[in-house]
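Asker: have a look at this fold, sequence not included:
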RNA sequence: GGCGCGGUACCCAAGUGGUAAGGGAGAGGUCUGCAAAACCUUUAUACGUCGGUUCGAUUCCGACCCGCGCCU
């Protein structure tokens, strides 16, 4: 089973309710919650919540390191198997659309990232102007170049990386298909609360994160791992960093964090709208009526 | 009370005697190993008010209103 929805929609609360009722175990699918020591800004389930139901794939990445969608998919699939073999119900919960897709549908069998190549590309792109990468890709894989915008550096880099490392066009590799998750009947529940109410909640939650010491947590992480640590550029942390570096004041940082969370929620919704076979629930996951609606719908689907 | 500066869309903000950039927000979208990332599209008969000058004013002039600063 999968519980998806934008940040602040109450995925955690809903998944706990479902897990308790259905003997479930929760598998995190939230890219930031995988990082250790990132606590306040990630809205991870609390230790009390984790005591109610078994949780998996939280706190598995060192903050100085990183995880990718492919690595996540491998680990998550393994976790799913283990839960199943125990006779329990795996409940995948999270808002990271790409990771969820990697888990359920699989990625194409492409090469892993190459840091050296990326660094070279980035450097040369800096020297030769913004359309440089796009021109390279046009030569390596014209079809891919058509579908990736010239300004979209990360996707251009990956496409070039795939072409060079595999000596095959990326669009050719795509034709070989993905490797979808097998052996599970997937039931998707999506939370779709009223947009304005969601934004209001997000604002309050970001405020609470600051009140709870997000800036202090960020200070510690900044000292320990340096400003290049990947998760420090995530929602809330990014703003806290710029506050600590004296680039903004408290109020501006908070407002920027709230804004970033709202924008993120919107992007998540456009991603999830394309997700197939989602049973949508209009409301927040910690709403009792939404929870009972979810339970009855799941019962009907099983 | 006097002087100065300002009043342009939801917000910030440029600018012009022939009806006005840009950014943000909002909305929609893309996404095949950095995704809490990155990127794309789109939306406004907005020029404080009332007069005057002019073929024509948001732009020039006057009065007034509002805000900010300074002075007495």
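Answerer: Arrived safely. Just so it is clear, the model here is predicted, and its values are computed rather than measured.
Asker: hang on, residue A:279 in a strand?
Answerer: Yes - looking at residue A:279 with DSSP: H, G, I helix; E, B strand; the rest coil, it is inside a strand.
Asker: what's around it, how many residues?
Answerer: The number of residues packed near residue A:279 is 14, by other Cβ atoms under 10 Å. From N, CA and C alone the C-beta is placed, and that goes for glycine too.
Asker: from what I see, residue A:176 and residue A:110 are in contact.
Answerer: No - between residue A:176 and residue A:110 there is no contact under Cβ atoms under 8 Å: 9.6 Å.
Asker: mind listing what's buried along the helix or strand residue A:296 falls within?
Answerer: Here residue A:296 sits within helix A:288-301, counting by DSSP states H and E. The neighbour-count check on helix A:288-301 (16 or more other Cβ atoms under 10 Å) flags A:290, A:291, A:293, A:294, A:295, A:298 as buried.
Asker: show me where the stretch 1-150 of chain A has helices.
Answerer: Ranges of helices in the stretch 1-150 of chain A, per DSSP state H, counting those that start in this stretch, are A:11-22, A:47-52, A:69-85, A:97-104, A:115-128, A:132-140, A:142-147.
Asker: who touches stretch A:246-265?
Answerer: When contacts are defined by Cβ atoms under 8 Å, 6 or more residues apart in numbering, stretch A:246-265 is touched by residues A:6-9, A:198-199, A:202-203, A:205-207, A:209-210, A:215, A:235-236, A:238-240, A:242-243.
Asker: buried ones among those?
Answerer: Here, 16+ other Cβ under 10 Å leaves A:6-9, A:198-199, A:202-203, A:205-206, A:209-210, A:215, A:235-236, A:238-240, A:242-243 buried among the contacts of stretch A:246-265.
Asker: the residue of the stretch 1-150 of chain A found nearest RNA strand B: what's it in contact with?
Answerer: Residue of the stretch 1-150 of chain A nearest RNA strand B, by Cβ to the nearest atom of the strand: residue A:70 (2.5 Å). Shown in contact with residue A:70 (Cβ under 8 Å, 6+ apart): A:102, A:107, A:112.
Asker: what does the pLDDT read for it?
Answerer: The score at residue A:70 is 95. That number is its pLDDT.
Asker: what's the answer for residue A:301, then?
Answerer: Reading off the model, residue A:301 has pLDDT 68.
Asker: before we move on, the earlier item: so which of the contacts of residue A:70 also contact RNA strand B?
Answerer: Contacts with RNA strand B within the contacts of residue A:70, counted by Cβ under 7 Å from any atom of the strand: A:102, A:107, A:112.
Asker: restricted to buried residues, select the residues you listed in PyMOL.
Answerer: Buried residues within those, by 16+ other Cβ under 10 Å, are selected in PyMOL with:
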select buried, chain A and resi 102+107
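Asker: redo the ones next to RNA strand B among the contacts of residue A:70 as CSV? Include pLDDT and distance to residue A:162.
Answerer: As requested, these are exported to CSV (pLDDT from 0 to 100; distance: Cβ to Cβ, whole Å):
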residue, pLDDT, distance to residue A:162
A:102, 97, 15
A:107, 94, 11
A:112, 86, 10
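Asker: wait, which of the ones next to RNA strand B among the contacts of residue A:70 is closest to residue A:80?
Answerer: residue A:102 (13.0 Å; Cβ to Cβ).
Asker: which residues touch the closest one?
Answerer: Contact analysis of residue A:102 by Cβ under 8 Å, 6+ apart lists A:69, A:70, A:72, A:73.
Asker: can you tell me which two in the residues you listed are farthest apart?
Answerer: By the measure Cβ to Cβ, A:70 and A:72 form the most distant pair in these, at 7.1 Å.
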